[in-house]
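S.K.: Build me a structure from this.
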Amino acid sequence: MGRGVQHPIAAFNDLSGFQEANVGLFGRHAEFENELSEGQCYNSKEEMKATIYKFHILCNKEIENTHSDKQRLRFKCMDHRCDATRIDHAQLTAGMVADCITAHMRNDVDVSINVVKIAIAQTYNGQVPAYNKLWRGRELEIARQFGSWEGSYALIVPLLEAIKRKNSGRYKGKMLIATGYDEKSQLLPLVFSLVDTENFEDCAWFMQWLRRNVVHSRFVCVITDRNKGIKKVFRQDDLGWNGEDEDECVHRLCATHIAENMRKNHCND
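M.R.: Numbering: from 1, shown residues only. This next block holds a predicted model:
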């Protein structure tokens, strides 16, 4: 039979003569006062550098990286006290701005610069980076999650080549495009569509969609080449583009097409 809790010899049950073991003799667990305490370990030099930067931002101290190699990093204060004298901290980089808004960007890809600024201020004790740093941080996070503009454009040629290989035949069709001008008078693409032909039915569908989903109730000036299909659109009462109704739009002819027609029809005059 197994033995119970009490030892059968009574003297062995008296533990008063024993002292609690000193676990310090066998080493102690590491205790860190902060992120930069001696003995901390990091997965990479970049992780360590980011930790150093975050620590000094929260302490409102500005430092400068004076040396970096495979074995060591060396920093020094930017002045004799290290105290930061501005709210746009030198160590608060665009990459750290991007790290701060990762969750925001997943919920709303159109996150505003003001939201970015508030998120940084809440994370880093009221720090407010310059507008261009906030902008670069947001653009960097967009690129991280969805790819960069340059990367997207780089995919266009391979995509077109793949389409060409899979679809060796020739296809008919027209592309209808609506563009506008921004506040700097630069052309701004608004919407495009691929249609079978540039007839009234396709032009009417395109223009009606443009009115309902982009232009809405705004009064605008529309400039076109005035082909037969598009001209008819501006004579209809139910499409939102009645050129004779001063509350909807005015329709004008593209100057480039006027010049081309003059060269074509009066080249010898």
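S.K.: CA atoms for contacts and neighbours, from now on please.
M.R.: Fine.
S.K.: Show the contacting residues for L36.
M.R.: Going by CA atoms under 8 Å, 6 or more residues apart in numbering, L36 touches 51-52, 55.
S.K.: Let me have these in a markdown table, extended by secondary structure.
M.R.: Converted to a markdown table, the contacts of L36 look like this (DSSP: H, G, I helix; E, B strand; the rest coil):
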| residue | secondary structure |
| --- | --- |
| T51 | helix |
| I52 | helix |
| F55 | helix |
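S.K.: what's the closest of those residues to Y124?
M.R.: Distance to Y124 across the contacts of L36 (CA to CA) is lowest for F55, with 9.7 Å.
S.K.: State the number of residues packed around the closest one.
M.R.: Using other CA atoms under 10 Å, F55 has 17 neighbouring residues.
S.K.: What's the separation between the nearest residue to G95 once chain neighbours are set aside and V97?
M.R.: Closest residue to G95 apart from its sequence neighbours, by CA to CA, 6 or more residues apart in numbering: G137 at 5.8 Å. G137 is 5 Å from V97, where distance means CA to CA, to the nearest Å.
S.K.: Output stretch 123-137 as CSV - backbone C-alpha positions only.
M.R.: Taking C-alpha atoms only, stretch 123-137 is exported to CSV below (Å, rounded to 0.1, in the frame of the first residue of the first chain):
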residue,chain,number,x,y,z
THR,A,123,-0.3,57.0,-29.1
TYR,A,124,2.7,59.3,-28.5
ASN,A,125,1.7,61.7,-25.8
GLY,A,126,0.5,64.6,-27.9
GLN,A,127,3.1,64.5,-30.6
VAL,A,128,1.8,66.1,-33.9
PRO,A,129,4.1,65.4,-36.9
ALA,A,130,4.2,67.8,-39.8
TYR,A,131,1.6,67.3,-42.5
ASN,A,132,4.0,65.8,-45.1
LYS,A,133,5.1,63.2,-42.5
LEU,A,134,1.5,62.3,-41.8
TRP,A,135,0.8,62.1,-45.5
ARG,A,136,3.9,59.9,-46.2
GLY,A,137,2.9,57.6,-43.3
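S.K.: Show me what counts as buried in it.
M.R.: Within stretch 123-137, the residues that count as buried by 16 or more other CA atoms under 10 Å are 124, 127-129, 133-137.
S.K.: What segments of the stretch 1-150 of the chain are strands?
M.R.: In the stretch 1-150 of the chain, the strands defined using DSSP state E, counting those that start in this stretch lie at 63-68, 73-77.
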